[in-house]
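Participant: starting from these lines, generate the structure:
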Amino acid sequence: MRPTSEVIAGDEFVVLCDDGGHAIGTQSKATVHHASTPLHLAFSCYVFDDADRVLVTRRATGKPTWPGVRTNSCCGHPLPDEPMVDAIGRRLRHELGLTPVRLDLVLPTFRYRAIMTDETMENELCPVYRAVVDAADLRPNAAEVAAAWWQTWPEFNAAAAEPDDVLSPWSATQLAALRQLGTDPKRWPPADRSLLPAAALSDSLPGRPERRG
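Facilitator: Coordinates of the predicted model:
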C-alpha cells in the first residue's frame, strides 16, 4: 500500500474497470471525474457506534464532486495496489479519525451513475460496507468533511427525502437497497465476498499507474 503521505499529497490513482468489473488500467483521481467519467472502483461505508447510531456526514465545500452535500459516513477509492478493506480503513482514519473494530460487506454488487448540474459524472462500481467504531474517536477532517453527526437508523431513513437538504445520489440509491436487508442494521447479513467485482477481489489490485483520458 502506498504511504498515506503520498496519497494526501495528491498522488492518488483509481482503478478503471470494464462492464464486467475487471480492472483494465488506472487513472489519476484528479483527472478521472468529468462529463464522460470512465467506470472505476470505489466503496461506500456506513459507520455505526455501539448504540447503533449511524454517522452522517456533509461533504466539504471544496470537494470537486457534490460539495456540501449530506451523505453517508465515508466513501473513497482503493489504490491500485491496495485491498478494499485497507482502503476503507485508510479513508476512515483520514476523513474521520476512526478505526473500525468490525467491518462487513453488505452490498457487493452496488453500481451507480450520477451527473451533477455542471455535467460532471460519477460512474462507479461501489461495494457497500458496514463498520462499527468507537464514537469517542471521531475527529472529522475539515478538508474532507464539513460536518458529522450521529442519528438513529430510523431518523436517517426519515430524513432521506428531506427536500431542503438533499442526500447524495449514491447514498439515496444505496438506502433503497439497504432497506431490503432489514430495518435493523446490526442484523444485516454479511454478503459473500466472491460477489464483489473482480477488480476488488485481488489482494493486490493492478498496478502501474498510467494516465488515461
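Participant: where does the protein have low pLDDT?
Facilitator: For the chain, the stretches with pLDDT under 70 are 1-10, 202-213.
Participant: now residue 198: how far from residue 117?
Facilitator: Look at residue 198 and residue 117: by CB to CB, to the nearest Å, they are 33 Å apart. All C-beta spots, glycine's among them, are computed from the backbone N, C-alpha and C.
Participant: which one's more surrounded, those two?
Facilitator: Counted by other CB atoms under 10 Å, residue 198 and residue 117 do not tie: residue 198 has more neighbours, with 13 against 5.
Participant: report the contact partners of the more buried one.
Facilitator: Neighbouring residues of residue 198 by CB atoms under 8 Å, 6 or more residues apart in numbering: 20-23.
Participant: partner residues bridging residue 129?
Facilitator: Note on residue 129: beta-bridge partners by DSSP bridges are residue 45, residue 105.
Participant: check contacts around it.
Facilitator: 43-46, 88, 103-106.
Participant: do the same with residue 191
Facilitator: By CB under 8 Å, 6+ apart, the contact set of residue 191 is 104-108.
Participant: and the residue nearest the centre of the chain, what does it touch?
Facilitator: In the chain, the centroid-proximal residue (CA atoms, centre = their mean) is residue 75; its distance is 2.1 Å. Shown in contact with residue 75 (CB under 8 Å, 6+ apart): 42-45, 91, 126, 170.
Participant: what is the most widely separated pair among the residues you listed?
Facilitator: 91 and 170 (14.7 Å; CB to CB).
Participant: still on that earlier bit, how close does the residue nearest to the centre of the chain get to residue 84?
Facilitator: Distance of residue 75 to residue 84, given as CB to CB: 13 Å.
Participant: overlap in contacts, those two.
Facilitator: Common neighbours of residue 75 and residue 84 (CB under 8 Å, 6+ apart) are residue 43.
Participant: so the residue nearest to the centre of the chain sits in a strand?
Facilitator: Yes. Counting by DSSP: H, G, I helix; E, B strand; the rest coil, residue 75 is part of a strand.
Participant: and it, bridged to which residues?
Facilitator: residue 44.
Participant: quick revisit: scan the contacts of residue 198 and report the most crowded one.
Facilitator: Top of those by neighbour count (other CB under 10 Å): residue 23, with 21 neighbours.
Participant: and it, what are its phi and psi?
Facilitator: phi -70, psi 130 (degrees, to the nearest 10).
Participant: that one reaches residue 201, doesn't it?
Facilitator: No. Between residue 23 and residue 201 there is no contact, the gap being 9.9 Å when judged by CB atoms under 8 Å.
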